[in-house]
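Undergrad: Okay, predicted coordinates and the sequence, questions at the end:
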Amino acid sequence: MIIRIPKGTQDILPKDISKWYYVENKIREVLIKYGYQEIRTPIFEYTELFVRGVGDSSDIVTKEMFTFLDRKGRSLTLRPEGTAAVVRSYLENKMSRVYPVLKLFYLGPMFRCEKPQAGRFRQFHQFGIEVIGTKAPEVDAEVIIASIEVYKKLGLKNLKIMINSVGCKKCRAIYVQKLKESLKDKMDFLCLECKDRYNKNPLRILDCKKDSCQKVIKKMPTINEYLCQDCRQHFTEVKSYLDSLGIKYFIEPRLVRGLDYYTKTTFEIISGELGAQDAIGGGGRYDDLIEELGGDSTPAVGFAAGIERIIMVMNQQNIEWPKDKGLDIFIVKVKETNKDMAFKLLQKVRDAGLSADMDYSSKSLKSQMRLAHKIGAKYTLIVGEEELAKNMVTLRNMQTKEQKEVEMDNLIDELTLCIN
């Protein structure tokens with residue numbers, strides 16, 4: 001019996017990997033231009049990091065984490081998101097001593113035990129950016145602008161920027177109290193999860209997508225009415241910086257995002273191609289998280305997006321993918337007695353910086369040529385006894401079918417000229 005892939009995961013096959021390279025390279029290209037440095041953290045951390053960092057009442061912590069015990073009984077968790085791990089690394093490696101303001105980005109797999117659906121997997125890949133050490137509102141705007149530029153570089157269209165402010169601890173506490181008062185006589189209309197959230201974390205109710213809860217949510221007061229002067233001014237300045245560059249956005253007063261650490265600015269990038277789960281990325285400010293994880297009070301802001309969802313939208317928008325380069329040279333041996341020379345020639349071509357391969361089985365000449373065509377080789381080098389006797393090989397253009405004999409001494413120059 002063949003062992004199957006676990007539910008909610010996928011293989012990224014060779015025919016698709018060039019798409020991933022393309023997306024990842026465009027992400028790196030944009031973010032490096034904006035001054036971000038790449039960081040790589042472990043795919044598992046101590047569970048406490050996510051409980052404290054993401055929030056013990058968040059859906060991620062209560063329902064979606066892959067948690068296990070190591071051999072010494074310590075609780076470990078496959079990372080469900082990237083920010084908490086980046087902050088842990090920032091603190092553990094004392095990065096603030098070198099960088100008063102630090103700009104980081106990451107790319108890698110994340111894990112959440114949620115119901116698989118279009119564009120959502122239990123192992124998924126995410127890129128994210130974090131700016132640590134400044135509360136300047138222009139940095140919030142820059143993070144939004146950088147994320148949009150990534151999408152533009154990939155050719156995505158019809159995207160909307162939704163922004164909001166969830167305030168600080170002080171003004172949010174006043175709003176939460178008002179929200180609870182407004183929800184009190186509407187509890188019968190809330191789903192079971194939101195009834196539970198009422199006491200644990202009422203703000204999470206605003207993030208519920210169920211129709212019954214949405215009807216109630218639309219009648220609730222918005223946090224914008226309760227922002228303190230500092231939070232109101234910060235939000236005004238973020239909008240002003242976006243306006244100054246002609247960045248179009250929409251204010252969504254009930255946008256709170258799904259993580260507990262957000263303060264002040266929150267935002268999402270949405271695409272109509274994704275249906276109900278229309279967010280293609282999102283982020284916000286998290287000025288309290290670093291202190292929550294044991295550091296000094298340090299402001300920060302970030303963004304993250306799922307790469308599977310980006311690729312899905314690119315396919316739905318019929319964006320043309322760059323063609324795979326294919327193999328430069330495929331070496332064909334006329335007889336098995338030519339295999340030693342073919343093998344030496346193969347390495348000589350590779351040493352010259354060209355991609356090359358050959359068939360190591362005892363296939364016929366015709367079968368080898370079919371294989372070269374199947375894998376998309378640009379040229380074949382046919383190694384036969386008659387050619388070798390003259391210190392030559394046959395070079396065949398697989399597209400035009402033209403071929404000629406080339407002297408061994410001039411082979412690399414000829415190949416380089418043909419390929420380039």
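TA: Now that the structure is in, tell me what you want to look at. Numbers count the residues shown, from 1 in each chain.

Undergrad: Can you name the residues that contact residue 129?
TA: Neighbouring residues of residue 129 by C-beta atoms under 8 Å, 6 or more residues apart in numbering: 31, 36, 103, 104, 105, 143, 146, 147, 283, 302, 303, 304. All C-beta spots, glycine's among them, are computed from the backbone N, C-alpha and C.

Undergrad: what helix or strand is the fourth one on?
TA: Which is residue 104. Under the criterion of DSSP states H and E, residue 104 resides in strand 102-111.

Undergrad: hang on, residue 167 is in a strand, isn't it?
TA: No - using DSSP: H, G, I helix; E, B strand; the rest coil, the secondary structure at residue 167 is coil, not a strand.

Undergrad: Can you tell me how far it is from residue 14?
TA: Between residue 167 and residue 14 the computed distance is 49 Å (C-beta to C-beta, to the nearest Å).

Undergrad: now residue 35
TA: Distance of residue 35 to residue 14, given as C-beta to C-beta: 34 Å.

Undergrad: These two - which one has more neighbours?
TA: Comparing residue 35 with residue 14 by neighbour count (other C-beta atoms under 10 Å), the higher total belongs to residue 35, at 11 against 8.

Undergrad: Could you verify my assumption that that one touches residue 102?
TA: No - in this structure, residue 35 is not within contact of residue 102 by C-beta atoms under 8 Å, at 10.2 Å.

Undergrad: Can you show me the helices along the stretch 201-350 of the chain?
TA: For the stretch 201-350 of the chain, the helices defined by DSSP state H, counting those that start in this stretch cover 211-217, 229-244, 289-292, 307-316, 339-351.

Undergrad: TSV please, covering those and showing distance to residue 278, mean pLDDT and mean neighbour count.
TA: Converted to TSV, the helices of the stretch 201-350 of the chain look like this (distance: least, C-beta to C-beta, whole Å; pLDDT from 0 to 100; neighbours: other C-beta atoms under 10 Å):
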stretch	distance to residue 278	mean pLDDT	mean neighbour count
helix 211-217	14	86	15
helix 229-244	20	97	16
helix 289-292	26	95	19
helix 307-316	10	94	19
helix 339-351	47	93	16
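
Undergrad: Dump the ones you listed into CSV; add distance to residue 265 as well.
TA: CSV is the format used below for the helices of the stretch 201-350 of the chain (distance: least, C-beta to C-beta, whole Å):
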stretch, distance to residue 265
helix 211-217, 21
helix 229-244, 6
helix 289-292, 14
helix 307-316, 22
helix 339-351, 51
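
Undergrad: Which among those helices is found nearest to residue 419?
TA: helix 339-351 (10.1 Å; C-beta to C-beta).

Undergrad: helices or strands next to the following helix or strand past that closest one in the packing?
TA: Using DSSP H and E, the next helix or strand after helix 339-351 towards the C-terminus is strand 356-358. For strand 356-358, the packing partners by 3 or more C-beta pairs under 8 Å, 6 or more residues apart in numbering; DSSP states H and E come out as strand 329-333, helix 339-351.

Undergrad: Next, the buried residues of strand 356-358.
TA: Judged by neighbour count using 16 or more other C-beta atoms under 10 Å, the buried positions of strand 356-358 are 356, 357, 358.

Undergrad: Quick one: residues in contact with it.
TA: Residues contacting strand 356-358 (C-beta under 8 Å, 6+ apart): 327-333, 342-343, 346, 349-350, 375, 377.

Undergrad: Run the chain-centre distance for it.
TA: A distance of 33 Å separates the centroid of the chain from that of strand 356-358, by C-alpha atoms, centre = their mean, to the nearest Å.

Undergrad: partner strands of it, parallel or antiparallel?
TA: strand 329-333 (parallel) (DSSP bridges).

Undergrad: Brilliant, that's me finished.
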